[in-house]
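J.: sequence first, predicted model second:
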Amino acid sequence: MSVTVRDDLVLSHSTEVAEVRAPFGKVDIEAWLKALPDKEYQRCAPGDHKAAGYTVDDDGTPMSINVEMIGTGLVIQHYRYKQAGPHYCKMVSLSDVLTPHGWTTVQVIWELKMEQIDGDRLRYTNTVTSHPTEEMIKFTVENGGTFEEAARARQAASGAHNKRETPLFAASIARSANA
């Protein structure tokens, strides 16, 4: 089944920043993601983050699998690495979402970036952007809603979630670099 992503529409967009201390040269976001223990992922958003793992797609592309609650939706993310390095990773997922009305899909783009401010003072930026699929738009209308209502709800939930997880992700990456 082919899924059409509506990248001309934004379901939600959130950017959060946190400062940490770690040796910039020892930061490796790609390695951190690939070795992120399940319990550590859960500690990065207690109550919201349910499970994390690392695998590869059928074509061998590395993938991070994350299961989390975003508002009232249980989201299963299948993040494929689009760009991966020590200081920047861009992950793209066609995510399954279990809502109170059933299952649908959305595209989620997750960008993780660490910049050196000076010395060991670093700035971590966590950006999450979601786009609807045609399936999600149809699903929303069939359940009596509009895209605009869905976008408002997702923006509020995703923004709040990102605000909670960003400083904890930053601290986890810093601990990994300091180990």
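T.: In hand now; what should we look at? Numbering: from 1, shown residues only.

J.: all contacts plus neighbour counts: C-alpha atoms, from now on.
T.: OK.

J.: element containing Asp59, please.
T.: Assessed by DSSP states H and E, Asp59 sits outside every helix and strand.

J.: where's the top strand by length along the chain relative to the chain centroid, distance-wise?
T.: Longest strand in the chain, counting residues (DSSP state E): strand 102-118. Put simply, strand 102-118 sits 4 Å off its chain's centre (Cα atoms, centre = their mean, to the nearest Å).

J.: residues in contact with it?
T.: With contacts defined as Cα atoms under 8 Å, 6 or more residues apart in numbering, strand 102-118 is touched by 5, 24, 27, 29, 77, 87-98, 122-133, 135-136, 139.

J.: which SS state does Arg152 fall under?
T.: helix (DSSP: H, G, I helix; E, B strand; the rest coil).

J.: can you tell me which residues contact it?
T.: Leu11, Ser12.

J.: so for the helix or strand containing Leu98, mean pLDDT?
T.: Using DSSP H and E, Leu98 sits within strand 88-99. Averaged over strand 88-99, pLDDT sits at 97.

J.: centre of the chain to that strand, how far?
T.: Mean C-alpha position of strand 88-99 versus that of the full chain (Cα atoms, centre = their mean) differs by 6 Å.

J.: could I get the buried residue list for stretch 132-152?
T.: Going by neighbour count (16 or more other Cα atoms under 10 Å), the buried part of stretch 132-152 is Pro132, Thr133, Glu134, Glu135, Met136, Ile137, Phe139, Thr140, Phe147, Ala150, Ala151.

J.: what mean pLDDT would you report for the helix or strand containing the first one?
T.: Under the assignment given by DSSP H and E, the secondary-structure element containing Pro132 is strand 121-132. For strand 121-132, the mean per-residue pLDDT is 98.

J.: so which elements touch the following helix or strand past that strand?
T.: Remark: after strand 121-132, the chain's next helix or strand is helix 134-142, criterion DSSP H and E. If contacts are counted by 3 or more Cα pairs under 8 Å, 6 or more residues apart in numbering; DSSP states H and E, helix 134-142 sits against strand 102-118, helix 147-178.

J.: and the gap between the residue nearest to the spatial centre of the chain and Ser14?
T.: The centroid of the chain falls nearest to Trp110 when counting by Cα atoms, centre = their mean (4.5 Å). Trp110 sits 10 Å away from Ser14, going by Cα to Cα, to the nearest Å.

J.: low-confidence stretches in this protein?
T.: Scanning the chain for pLDDT under 70 picks out 1.
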